[in-house]
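Undergrad: make a model of this:
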Amino acid sequence: MTLEFTGEIWFWRGPAPWYFVTVPDQQCLDLKAASKLVTYGWGMIPVTLQISKTKCKTSLFPKDGSYIVPIKADLRKAEKLEEGETVTLQLEIVV
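TA: Residues are numbered from 1 along each chain as shown. Coordinates of the predicted model:
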């Protein structure tokens with residue numbers, strides 16, 4: 001399953017700071033349907049993420065009934081991304 005959507009990069013200032021994009025509601029419904037087949041520990045879903053020309057492997061985190069996509073430092077640096085920017089993401093669920 002491949003999903004594409006646009007979202008804003010936001011920063012979580014927790015004990016281990018991280019950048020994320022929230023998956024829109026419609027795509028969350030599709031992910032929830034597929035999650036039973038691919039999820040591991042805490043409802044995480046393994047995916048291949050692509051933003052522009054850069055790809056990486058990561059996992060979606062469940063949060064408040066939806067999912068969030070972590071945007072790793074290497075990807076942010078390669079694509080020169082900052083907090084608050086709107087990006088188009090392509091996700092391919094890893095089976």
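Undergrad: report the buried residues of the longest helix anywhere in the chain.
TA: In the chain, taking DSSP state H as the definition, the longest helix is helix 25-38. By neighbour count on 16 or more other C-beta atoms under 10 Å, the buried set for helix 25-38 is 27-28, 31-32, 35, 38. (C-beta placed from N, C-alpha, C; glycine too.)
Undergrad: export the residues you listed as TSV, with columns for pLDDT.
TA: Listed next are those as TSV, based on pLDDT from 0 to 100:
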residue	pLDDT
Gln27	93
Cys28	93
Leu31	90
Lys32	88
Ser35	85
Val38	88
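Undergrad: low-confidence ranges in this protein?
TA: Low-confidence segments of the chain (pLDDT under 70): none present.
Undergrad: what about 90?
TA: 1, 13-17, 30, 32-43, 94-95 (pLDDT under 90).
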